[in-house]
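**Q** fold the following, please.
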Amino acid sequence: MRLLVDTHAALWFLEGNERLSQTARALIEDDHVERRLSAAVVWEVAIKRGLGKLKATADFHERMGRQGVSGLPVYDRHATRVADLPPHHSDPFDRLLVAQAIEEGMSILSVDQIFRRYDVSVLW
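**A** Residues are numbered from 1 along each chain as shown. All right, here's what the predicted structure looks like:
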């Protein structure tokens, strides 16, 4: 299984937040699952931290790396795929995650129901 971890799932995991489902926690902790954190997630957290809209440690992506979650760069093919997505919503970070999941053959780990409107596997 290949898994792309959404922003809130990564942050909730690191915080020990009870909103993270047991399934999500188990998948993040499972060394048999390929777990990835998009550069778009790191970018989103950096922007929101800089604006004071989010309290997260600057090294959250490194902490996820210590859990075995590796980074996923944003490639040209990911950015290009965004143009082909239906306009279900306008959040650029979410749309890029969908494009990455499609291009890389991954499921998205997210509680966000908007992802289910796209042709992508969503786990929670």
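**Q** please identify the helix or strand for residue 40.
**A** Per DSSP states H and E: residue 40 is located in helix 39-50.
**Q** packing partners for that helix?
**A** Other elements packing on helix 39-50 under the criterion 3 or more Cβ pairs under 8 Å, 6 or more residues apart in numbering; DSSP states H and E are helix 7-15, helix 60-66, strand 70-72, helix 92-104. For glycine as for every other residue, the C-beta is placed from the backbone atoms N, C-alpha and C.
**Q** one more pass at 7 Å, please.
**A** Packed against helix 39-50 by the contact rule (3 or more Cβ pairs under 7 Å, 6 or more residues apart in numbering; DSSP states H and E) you find helix 7-15, helix 92-104.
**Q** ok now the last one, how far from the chain's centre?
**A** Per Cα atoms, centre = their mean, to the nearest Å, the displacement of helix 92-104 from the mean C-alpha position of its chain is 9 Å.
**Q** which positions in it come out as buried?
**A** By neighbour count on 16 or more other Cβ atoms under 10 Å, the buried set for helix 92-104 is 93, 94, 95, 96, 97, 98, 99, 100, 101, 102, 104.
**Q** list the buried residues for the next helix or strand after it?
**A** Using DSSP H and E, the helix or strand that follows helix 92-104 towards the C-terminus is strand 107-109. Neighbour-count burial for strand 107-109, counted by 16+ other Cβ under 10 Å, picks out 107, 108, 109.
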